[in-house]
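> Okay, structure incoming, though there's no sequence with it:
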Ligand code: ADP
């Protein structure tokens with residue numbers, strides 16, 4: 001509670017006590033009166049009304065309680081008043097907030113109609129020809145009594161209609177406070193370019209000699225019929241006599257009846273049935289104030305402003321998310337490229353290793369190769385000499401022809417051996433086709449035969465059921481089998497009883513081929529590192545054969561592994577998927 005409110009309440013209490021002693025039987029009725037020109041003036045303005053009420057309803061003691069808008073609103077909120085006489089703007093606010101209800105509207109006999117009696121003027125000094133319309137107020141200085149006065153709000157509405165918002169489009173908006181004369185003085189001495197007062201204030205000042213008739217110019221002026229005052233705004237209903245929510249219906253009815261029967265006195269003032277105050281509500285709606293303040297709070301701009309921190313956070317998160325997505329995409333693309341390059345490198349390296357391995361095998365087989373080729377060469381030489389002898393002795397044509405055919409056949413056999421070796425050594429891409437596992441085994445054994453013969457190795461092919469075809473690159477699988485046979489041959493080297501067995505079987509959609517030997521088998525380290533590239537226990541070994549063989553088998557969708565045979569020796573087994581269709 002402010003000091004002013006305390007003072008006001010205290011004053012009301014004193015008045016009540018004084019009157020209570022004088023008219024102790026009479027019930028007190030407190031009537032708030034909005035005083036915009038001081039308490040005395042408020043009393044005198046409504047003197048005839050109070051005189052009439054006291055006279056008509058002597059059972060009540062009517063007390064005029066003057067106050068400004070805030071004090072009166074506080075009194076209403078605290079139920080300290082029974083009635084209130086106030087301006088139309090204040091009334092609609094009390095109605096919306098506290099359930100106040102009008103019971104009569106003041107009327108001036110011979111004046112304007114009560115539904116259109118109140119307006120405001122926006123005025124300048126008469127010399128200011130530059131402010132001819134409300135639009136011209138843009139960028140100027142404007143003075144008014146206070147932001148919450150009804151007069152200012154009326155002017156605000158009209159200015160907004162002309163595109164000038166007094167709170168943002170003026171060079172200065174100043175509020176002088178009461179009395180109204182301060183606004184007139186501000187315009188008069190040039191502190192402000194224009195001023196806002198209620199209608200008839202200027203005319204009253206001229207009548208009292210406080211202003212010259214030609215001193216001021218009313219902007220966007222029109223005249224109220226019946227009143228003779230100028231106005232810059234549209235007109236609103238006159239002041240109402242208002243009952244408050246807690247006031248008894250009986251009392252309100254008695255007061256209303258008294259007001260409507262009030263005789264017109266010298267001030268031409270009396271009361272009529274309450275008029276419609278919707279035009280005032282429209283004003284509040286347009287300005288989004290009072291009961292419509294909520295609209296202002298719920299405008300898009302306001303909502304955005306009140307959630308600005310969350311919205312900023314949201315925007316930052318969105319930006320962060322976009323950057324994150326772009327970064328992840330970039331990383332994925334980079335990683336895919338790197339993987340692709342790594343794959344390419346690995347493929348090239350594997351091909352290099354395969355090539356090196358083939359060369360190593362070829363080196364191993366070089367001796368037997370020489371033997372293999374020297375046999376047809378020796379046979380060719382023999383047949384050639386035989387033919388020569390027969391031709392010198394005039395021998396049989398048929399025998400000579402047989403010798404020549406043998407020469408050609410032996411030359412072709414030598415050429416075949418060389419071709420096989422060259423195609424084995426050449427690097428190439430894997431080429432899958434349907435392959436009979438038995439053909440693979442027999443062709444590999446044919447290739448391995450010269451080496452086996454030279455090293456006196458016994459190879460046994462165990463009997464087995466017929467095998468389904470596999471999808472495989474024949475040359476690559478020959479290479480695998482040759483590697484395994486070569487290793488097995490190395491393992492039994494120097495063992496007179498040494499033997500290599502080949503077994504083949506098919507089950508569960510795969511064909512399995514095994515190479516067993518009667519060598520020393522695999523120790524722990526060999527078992528662990530067997531398939532590592534460059535792992536070897538041989539003085540001339542490269543340590544490539546098994547790692548390459550495994551990569552070839554796996555690239556065919558199969559598996560290659562090794563195990564020791566309980567009775568001694570090693571067994572290398574690999575599987576190949578059966579060809580579809
Ligand atoms: P390399 O034959 O050039 O050594 P491999 O990769 O073919 O290369 O073989 C690697 C090693 O595995 C051999 O050095 C040997 O120690 C071992 N190994 C391979 N096969 C057998 C086998 N049948 N019996 C015993 N050890 C073997």
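Received the coordinates, thanks. Source: prediction; values computed, not measured.

> Which secondary structure state does the closest residue to residue 577 other than its chain neighbours sit in?
Counting by CB to CB, 6 or more residues apart in numbering, the nearest residue to residue 577 once its immediate chain neighbours are dropped is residue 557, at 4.9 Å. Yep, even glycine has a C-beta here, placed from its N, CA and C like the rest. Three-state call for residue 557 (DSSP: H, G, I helix; E, B strand; the rest coil): coil.

> quick one: pLDDT of residue 557?
pLDDT recorded at residue 557 is 91.

> go on, residue 580?
For residue 580, the model assigns a pLDDT of 86.

> With residue 553 instead?
At residue 553, the pLDDT value in this model is 91.

> Over to residue 188?
pLDDT recorded at residue 188 is 95.

> Same check on residue 138?
pLDDT at residue 138 comes out at 95.

> what separates it from residue 160, distance-wise?
Using CB to CB, to the nearest Å, residue 138 is found at 12 Å from residue 160.

> what do you get for residue 501?
Separation of residue 501 from residue 160 (CB to CB): 107 Å.

> With residue 48 instead?
Taken as CB to CB, the span from residue 48 to residue 160 is 38 Å.

> same check, this time on residue 477
Counting by CB to CB, the gap from residue 477 to residue 160 is 93 Å.

> The two: which is more packed in?
Using other CB atoms under 10 Å, the more surrounded residue of residue 477 and residue 160 is residue 477, with 26 against 16.

> what are the phi and psi values for the more buried one?
phi -70, psi -30 (degrees, to the nearest 10).

> Touching, it and residue 443? I think so.
No: Residue 477 is beyond contact range of residue 443, at 9.7 Å (criterion: CB atoms under 8 Å).

> Now do the contacts for the residue nearest to residue 472 when sequence neighbours are not counted.
In space, and not counting its chain neighbours, residue 472 is closest to residue 435: 4.6 Å by CB to CB, 6+ apart. Residue 435 makes contact with 469-472, 474, 477, 579 under the criterion CB atoms under 8 Å, 6 or more residues apart in numbering.

> Any chance you could list what contacts stretch 565-577?
Taking CB under 8 Å, 6+ apart as the rule, stretch 565-577 contacts 437, 470-472, 477, 480, 484, 487-488, 491, 509-522, 549, 553, 556-564.

> Apologies, that question was intended for stretch 124-143.
Residues from elsewhere that reach stretch 124-143 (CB under 8 Å, 6+ apart): 122, 158-159, 161-164, 166, 169-176, 182-183, 186-188, 190-196, 214-217, 219-220, 232.

> re earlier: so which of the contacts of stretch 565-577 sit within strands?
If you go by DSSP state E, these have 470-472, 510-517, 560-564 in strands.

> Among the residues you listed, which ones lie close to the ligand?
Restricting those to those near the ligand by CB under 6 Å from any ligand atom leaves residue 517.

> Near the ligand, which residues of the chain? Just list them.
So the chain meets the ligand at 483, 487-488, 491, 517, 519, 522, 526, 530, 535-538, 541-546, 570 (CB under 6 Å from any ligand atom).

> Would you write a PyMOL line that selects the buried entries of those residues?
Here is the PyMOL selection string for the buried members of the residues of the chain next to the ligand, based on 16 or more other CB atoms under 10 Å:
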select buried, resi 483+487+488+491+517+519+522+526+530+535+542+543+544+545+546+570
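
> Sketch out the low-pLDDT regions of the stretch 251-400 of the chain for me.
297-299, 358, 360-369, 371-372 (pLDDT under 70).

> Could you pull out the strands in it for me?
Residue ranges of the strands in the stretch 251-400 of the chain, as given by DSSP state E, counting those that start in this stretch, are 269-272.

> where along it do the helices fall?
Listed in chain order, the helices of the stretch 251-400 of the chain (DSSP state H, counting those that start in this stretch) span 278-287, 293-297, 300-306, 308-392, 397-425.

> With mean neighbour count and distance to residue 144 as extra columns, can I get those helices in TSV?
Formatted as TSV, the helices of the stretch 251-400 of the chain follow (neighbours: other CB atoms under 10 Å; distance: least, CB to CB, whole Å):
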stretch	mean neighbour count	distance to residue 144
helix 278-287	18	14
helix 293-297	11	20
helix 300-306	10	25
helix 308-392	13	32
helix 397-425	14	107
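
> Can you check the distance spanned by stretch 35-52, start to finish?
20 Å (CA to CA, to the nearest Å).

> I'd like the distance from that stretch to the chain centre, please.
64 Å (CA atoms, centre = their mean, to the nearest Å).

> list the buried ones in that stretch?
In terms of neighbour count (16+ other CB under 10 Å), stretch 35-52 has its buried residues at 35-36, 42, 45-46, 48-50, 52.

> and these, which two are the farthest apart?
Farthest-apart pair in the buried residues of stretch 35-52 is 36 and 52; separation 22.7 Å (CB to CB).

> Name the nearest of the contacts of residue 435 relative to the ligand.
For the contacts of residue 435, the minimum distance to the ligand (CB to the nearest ligand atom) is 15.7 Å, reached by residue 477.

> Can you name the residues in contact with the host helix or strand of residue 84?
According to DSSP states H and E, residue 84 maps onto strand 83-85. With CB under 8 Å, 6+ apart as the test, strand 83-85 has contacts from 29-34, 46, 49, 72, 76, 91, 94, 100, 106, 239-244, 247, 255.

> After that strand, which helix or strand is next? Please name it.
Moving toward the C-terminus from strand 83-85, the first helix or strand encountered (DSSP H and E) is helix 88-98.

> By proximity to the ligand, which residue of the stretch 51-200 of the chain wins?
For the stretch 51-200 of the chain, CB to the nearest ligand atom, closest residue to the ligand: residue 168, 88.4 Å.

> remind me which residues of the stretch 101-250 of the chain are low pLDDT?
Low-confidence segments of the stretch 101-250 of the chain (pLDDT under 70): 225.

> I figured residue 487 was touching residue 543, is that so?
No: proximity of residue 487 to residue 543 does not meet the contact threshold set by CB under 8 Å, at 11.2 Å.

> and residue 29, that's in a strand?
Yes: the assignment for residue 29 by three-state DSSP puts it in a strand.

> ok, it - contacts?
Residues in contact with residue 29 (CB under 8 Å, 6+ apart) are 60-63, 82-83, 251, 255.

> Skipping adjacent residues, who's closest to the residue of the stretch 201-350 of the chain found nearest the ligand in space?
As assessed by CB to the nearest ligand atom, the ligand sits closest to residue 350 within the stretch 201-350 of the chain, at 14.2 Å. In space, and not counting its chain neighbours, residue 350 is closest to residue 551: 5.9 Å by CB to CB, 6+ apart.

> Next: residue 147.
Per CB to CB, 6+ apart, closest to residue 147 is residue 175, 6.1 Å.

> and the one you found, how many neighbours?
Neighbours of residue 175 using other CB under 10 Å come to 16.

> cool, residue 139 as well?
If you count neighbours by other CB under 10 Å, residue 139 ends up with 11.

> Secondary structure element for it, which one?
Short version, using DSSP H and E: residue 139 is in no helix or strand.

> Quick check on it: phi, psi?
For residue 139, the backbone dihedrals (degrees, to the nearest 10) come out as phi 80, psi 0.

> ok, now residue 179?
For residue 179, the backbone dihedrals (degrees, to the nearest 10) come out as phi -80, psi 170.

> and the gap between it and residue 197?
Separation of residue 179 from residue 197 (CB to CB): 10 Å.
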